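Peer 1: Give the three-dimensional model of this entry:
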Amino acid sequence: MSEIPPAIVLFSHGSRDPLWRAPIEAVAERIASQCPDRPVECAYLELCEPTLAQAAELLVQQGATRITVVPMFLGTGKHAREDLPLLVEQLRSRHKSTQFTVQHAIGEDSRMTALMAEIACDSSTPSTNS
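Peer 2: Numbers count the residues shown, from 1 in each chain. Below you'll find the predicted structure:
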């Protein structure tokens, strides 16, 4: 019997503008289509919902015993360095039978920096200049 993979929470800053959330939600949709056995939720630090606590609660209610939090930040700033560890400790206290792990900020992964450099150098990418 194979081990059930951990559920995923894509954790980002948040915004009042619903269009801002579209890229994070697109990542969640891609995970859901590529890895249908991996429950995935988006969560936001502020200005919109669900919060990290709400997303984790939903995944735990769905039976998740392991949850990986993926900080969708370009770097490890204050939110990833200070706010997120406190929030994860609260989750661990509330959900003692659930294992929580936190990845590095997504922008610090060498695959992401390589992709961003490739995109930046792509002269076929449309410009938004008017």
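Peer 1: what sits against residue 71?
Peer 2: By Cβ atoms under 8 Å, 6 or more residues apart in numbering, the contact set of residue 71 is 11-12, 79-80, 84, 102-106. (C-beta placed from N, C-alpha, C; glycine too.)
Peer 1: hey, what's it bridged with?
Peer 2: Residue 71 forms beta bridges with residue 11, as assigned by DSSP bridges.
Peer 1: Quickly note the distance from it to residue 6.
Peer 2: 15 Å (Cβ to Cβ, to the nearest Å).
Peer 1: Confirm for me that residue 99 is in contact with residue 65.
Peer 2: Yes: Residue 99 is in contact with residue 65 according to Cβ atoms under 8 Å; the separation is 6.7 Å.
Peer 1: can you give me the helices for this structure?
Peer 2: Remark: helices assigned in the chain by DSSP state H are 22-34, 52-61, 78, 84-94, 110-121.
Peer 1: In terms of mean pLDDT, which of the ones you listed ranks lowest?
Peer 2: Lowest mean pLDDT within those: helix 78, at a mean of 83.
Peer 1: Not counting sequence-adjacent ones, nearest residue to residue 32?
Peer 2: Distances taken as Cβ to Cβ, 6 or more residues apart in numbering put residue 40 closest to residue 32, at 5.8 Å, once the chain neighbours are dropped.
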